[in-house]
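Participant: quick one: sequence and predicted model below, then my questions.
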Amino acid sequence: MAENEALERSIALLKESLQYLEETYEKGDTHIFVVLGASGDLAKKKIYPTLWSLYRDGLIPKKTIFVGYARSKLTVHDIRNKSEPYLKVRDEEKEKVNAFFKMNHYVSGSYDMPEDFLQLNQEICKYEMGSHCNRLFYLALPPNVFESSTTNIRNHCMASKGWTRIIIEKPFGRDSESSTQLSNHLNALFKEEELYRIDHYLGKEMVQNLMALRFGNRIFGPTWNREHISCVMVSFKEPFGTQGRGGYFDSFGIVRDVMQNHMLQMLSLVAMEKPVSTGAEDIRDEKVKVLRCMPEVKLEDVVLGQYIGNPSGEGEAKEGYLDDPSVPKGSTTATYAMVTCYVNNERWEGVPFFLRCGKALNERKAEVRIQYRDVPGDIFHGESKRNELVIRVQPGEAVYVKMMNKTPGMSFNIEETELDLTYGSRYKGLVMPDAYERLILDVFCGSQIHFVRSDELAQAWRIFTPILHKIETENVKPVTYTYGTRGPKEADELCQNKGFKFYGTYKWVKPASL
Ligand SMILES: NC(=O)C1=CN([C@@H]2O[C@H](COP(=O)(O)OP(=O)(O)OC[C@H]3O[C@@H](n4cnc5c(N)ncnc54)[C@H](OP(=O)(O)O)[C@@H]3O)[C@@H](O)[C@H]2O)C=CC1
Ligand SMILES: O=C1O[C@H](COP(=O)(O)O)[C@@H](O)[C@H](O)[C@H]1O
């Protein structure tokens, strides 16, 4: 199937399922999408490109107007120049990009001045036509202005003829206390159904697929428990360092940056019980129950690492974390972490869930690996290796089961092989929508399935806050690992001591078509 054809097919499918959109087209509602922090990095790299893609594919209501807001004195032309390198535009779409930017406006103002938000409101009102006008505010802002900007939205910019939805990006605080303070603040201003806390991992195809795999199949359910599963490993690996973002990164560290949010979200989707329905509240109720069964992480269950330069590496690889000029001298912030978590309920008690994440590693990879127990009463002279079900989130989406098979031919030996659902082969030419596209579309549609509820957030911080504070107050030093490697050997030792088995014998034969 040609690439374009595949893309069109997936768009058509999306449109079919979006009854909401058809309704809004009919009613002719106006939607105003406000990007606060329009001059920033997130806006140019993610938000504007996402809005463009949704606009291009006809996935947002026709009468949607985009209003950028930031302190800098900019024009729509400037916003276009900044974001254009990140827009995916085919040659024949040049005119459409012009049309997209014609739907854009820009207001300059500060985040704490009520009069500036009054001006923003006036600007928004200019474009609101028809009896229903809805407003979406995307906070692509640093956390120090979350409170003032949301207060000003509440006081001066709420929709008077429709709904208002607020989309917030992490960090949602830096520990339980600051997160509770932010939640209390937001809850005093908005209803929970008006708040969309983004965790962009929840917008990834394979993360969304976890529920389909688990609850849409008969084969996995009966073994999805402590009787059969030895351990679960959730991995996030990046092959690059802080790339000049050291200032931001250093004040958060890898645990706050990806583990407490993205990785814990994946864990809860793997561990949760079957929800009553696919409704947002039913799913989020089950995720919260998992988190409530998790004890706080203990220091003995943690390995922290920080990368050092590789003298024989190239370019950035030569530089260690501490060589980044934006990183404070002598910083002990971890760029790698492996944590063992437990879910103390009937299904999972005693099963270690390893969360491991790191920057400047040997590859880019995010995956969930379910490792099964040894085959009891093995008649193959100890040759049987453990089964693994791997959900490869990125890159190269795939679901594969590592399994034993008779060596084909005269031999009666067994060998490791796989049942392999590689998306690149099975769904040829399919272009996967970006996580942000799905999530912003969800906000238009009012679907909160893939957004973080405040009680979920509070539980996530409860699990990690004590260890984060301990690391900081006791100045726990990370071990070092070299840029471009698999990370600290101590991490392998920790998971092997807790029962993870690595054989080093499995070889995947990549299909020629990939
Ligand atoms: N459809 C597809 O796309 C498929 C792709 N493959 C690819 O084949 C390759 C091998 O498959 P994979 O399932 O990873 O199997 P492996 O047996 O190679 O690795 C299994 C796990 O062990 C870890 N590991 C590697 N080295 C060690 C070590 N020295 N000590 C402890 N743990 C270790 C790996 O982590 P770490 O990440 O740190 O290396 C991984 O989590 C992968 O690149 C995989 O993506 C396989 C099947 C299907
Ligand atoms: O939230 C974050 O995620 C990115 C990784 O996202 P991905 O979609 O590219 O996997 C990470 O680089 C960043 O440090 C973190 O803040």
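Facilitator: In hand now; what should we look at? Ligands and ions are numbered 1, 2, ... in the order given.
Participant: and the helix or strand where residue 34 lies, which residues are buried?
Facilitator: Element membership for residue 34 (DSSP states H and E) is strand 30-36. Neighbour counts over strand 30-36 (16 or more other Cβ atoms under 10 Å) mark 30, 31, 32, 33, 34, 35, 36 as buried. Every C-beta, even on glycine, is put in place using the N, C-alpha and C of the backbone.
Participant: okay if I get those residues as JSON lines plus distance to ligand 1 and pLDDT?
Facilitator: Listed next are the buried residues of strand 30-36 as JSON lines, based on distance: Cβ to the nearest ligand atom, whole Å; pLDDT from 0 to 100:
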{"residue": "30", "distance to ligand 1": "44", "pLDDT": "93"}
{"residue": "31", "distance to ligand 1": "39", "pLDDT": "96"}
{"residue": "32", "distance to ligand 1": "42", "pLDDT": "97"}
{"residue": "33", "distance to ligand 1": "36", "pLDDT": "98"}
{"residue": "34", "distance to ligand 1": "40", "pLDDT": "98"}
{"residue": "35", "distance to ligand 1": "36", "pLDDT": "98"}
{"residue": "36", "distance to ligand 1": "38", "pLDDT": "98"}
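Participant: re earlier: helix or strand right after the strand holding residue 34?
Facilitator: helix 41-42.
Participant: so what touches that following helix?
Facilitator: The contact list for helix 41-42 (Cβ atoms under 8 Å, 6 or more residues apart in numbering) reads 140, 169.
Participant: so how far is that helix off the chain centroid?
Facilitator: Offset of helix 41-42 from its chain centre (Cα atoms, centre = their mean, to the nearest Å): 16 Å.
Participant: on that earlier part again, just the C-alphas of the strand holding residue 34, formatted as PDB.
Facilitator: Presented in PDB, the C-alpha positions along strand 30-36 are these (Å, rounded to 0.1, in the frame of the first residue of the first chain):
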ATOM      1  CA  THR A  30     -16.100  28.200  17.300                       C
ATOM      2  CA  HIS A  31     -13.100  26.800  19.200                       C
ATOM      3  CA  ILE A  32     -10.300  29.100  20.300                       C
ATOM      4  CA  PHE A  33      -7.000  27.300  21.000                       C
ATOM      5  CA  VAL A  34      -4.700  29.500  23.100                       C
ATOM      6  CA  VAL A  35      -1.100  28.600  23.400                       C
ATOM      7  CA  LEU A  36       0.400  30.200  26.500                       C
END
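Participant: now it, how far from the chain's geometric center?
Facilitator: The answer for strand 30-36 is 23 Å, by Cα atoms, centre = their mean.
Participant: and for stretch 459-471?
Facilitator: That offset, for stretch 459-471, works out to 20 Å (Cα atoms, centre = their mean).
Participant: likewise for stretch 257-268?
Facilitator: With Cα atoms, centre = their mean, you get 8 Å for stretch 257-268.
Participant: and that stretch, end to end?
Facilitator: Using Cα to Cα, to the nearest Å, the end-to-end distance of stretch 257-268 comes out at 18 Å.
Participant: pull up the pairing partners for the strand holding residue 34, direction included.
Facilitator: According to DSSP bridges, strand 30-36 forms sheet pairs with strand 64-70 (parallel), strand 133-139 (parallel).
Participant: show me what from the stretch 351-500 of the chain comes close to ligand 2.
Facilitator: When proximity is defined as Cβ under 6 Å from any ligand atom, the stretch 351-500 of the chain approaches ligand 2 at residue 366.
Participant: try the chain
Facilitator: Residues of the chain lying near ligand 2 (Cβ under 6 Å from any ligand atom): 200, 238, 257, 258, 366.
Participant: how about the contacts made by the nearest residue to the fourth one once chain neighbours are set aside?
Facilitator: In this structure, residue 258 finds its nearest non-sequential neighbour in residue 357, 5.0 Å apart by Cβ to Cβ, 6 or more residues apart in numbering. When contacts are counted by Cβ under 8 Å, 6+ apart, residue 357 is found next to 235, 236, 237, 254, 258, 259, 263, 336, 337, 338.
Participant: one more: residue 311?
Facilitator: So residue 311 contacts residue 318 (Cβ under 8 Å, 6+ apart).
Participant: distance check, residue 313 against ligand 1.
Facilitator: Separation of residue 313 from ligand 1 (Cβ to the nearest ligand atom, to the nearest Å) stands at 18 Å.
Participant: oh, that last question was meant for residue 244, not what I typed.
Facilitator: 26 Å.
Participant: with residue 70 instead?
Facilitator: 39 Å.
Participant: got phi/psi on the nearest residue to that residue once chain neighbours are set aside?
Facilitator: Closest residue to residue 70 apart from its sequence neighbours, by Cβ to Cβ, 6+ apart: residue 39 at 3.9 Å. Backbone torsions of residue 39, given as degrees, to the nearest 10, read phi -90, psi -10.
Participant: and residue 39, how many residues sit next to it?
Facilitator: Residues near residue 39, counting by other Cβ atoms under 10 Å, number 20.
Participant: quick check, pLDDT for it.
Facilitator: With respect to pLDDT, residue 39 scores 97.
Participant: OK, contacts around the residue nearest the centre of the chain?
Facilitator: Nearest to the centroid of the C-alpha atoms of the chain, with distances taken as Cα atoms, centre = their mean, sits residue 201, at 1.8 Å. Residue 201 makes contacts with 207, 261, 262, 265, 266, 366, 393, 435, as judged by Cβ under 8 Å, 6+ apart.
Participant: how about the contacts made by the first one?
Facilitator: Contact analysis of residue 207 by Cβ under 8 Å, 6+ apart lists 201, 265, 266, 269, 393.
Participant: now, the contacts of residue 357 that are in helices?
Facilitator: residue 254 (DSSP state H).
Participant: narrow the contacts of residue 357 to those in strands?
Facilitator: 235, 236, 237, 336, 337, 338 (DSSP state E).
Participant: quick check: bridge partners of the first one?
Facilitator: Yep, that's residue 235 we're talking about. Residues in beta-bridge contact with residue 235 (DSSP bridges): residue 356, residue 367.
Participant: got the confidence number for it?
Facilitator: So residue 235 comes in at 98 (pLDDT).
Participant: tell me the contacts of it?
Facilitator: Contacts of residue 235 (Cβ under 8 Å, 6+ apart): 356, 357, 365, 366, 367, 368, 369.
Participant: can you give me how far stretch 162-170 is from the chain middle?
Facilitator: 18 Å.
Participant: which residues are contacting it?
Facilitator: 29, 42, 132-141, 146, 150, 153, 157-158, 186, 190, 194-199, 261, 440, 443, 446.
Participant: show me what counts as buried in that stretch.
Facilitator: Quick answer for stretch 162-170 (16+ other Cβ under 10 Å): 162, 163, 164, 165, 166, 167, 168, 169, 170.
Participant: of those, closest to ligand 2?
Facilitator: residue 170 (6.7 Å; Cβ to the nearest ligand atom).
Participant: just to revisit the earlier point, so which of the strands paired with strand 30-36 is nearest residue 109?
Facilitator: Of all these, strand 64-70 sits nearest to residue 109, with 6.3 Å by Cβ to Cβ.
Participant: what residues does that closest one touch?
Facilitator: 30-40, 43, 51, 55, 74, 76, 79, 103-109, 120, 123-124, 127.
Participant: now do the same end-to-end measure for stretch 135-148.
Facilitator: With Cα to Cα, one end of stretch 135-148 sits 18 Å from the other.
Participant: give the buried residues for it.
Facilitator: 135, 136, 137, 138, 139, 140, 141, 143, 145, 146, 147, 148.
Participant: flag the least confident of these.
Facilitator: residue 143 (89).
Participant: show me the strands in the stretch 151-300 of the chain, by range?
Facilitator: 164-168, 195-198, 229-237 (DSSP state E, counting those that start in this stretch).
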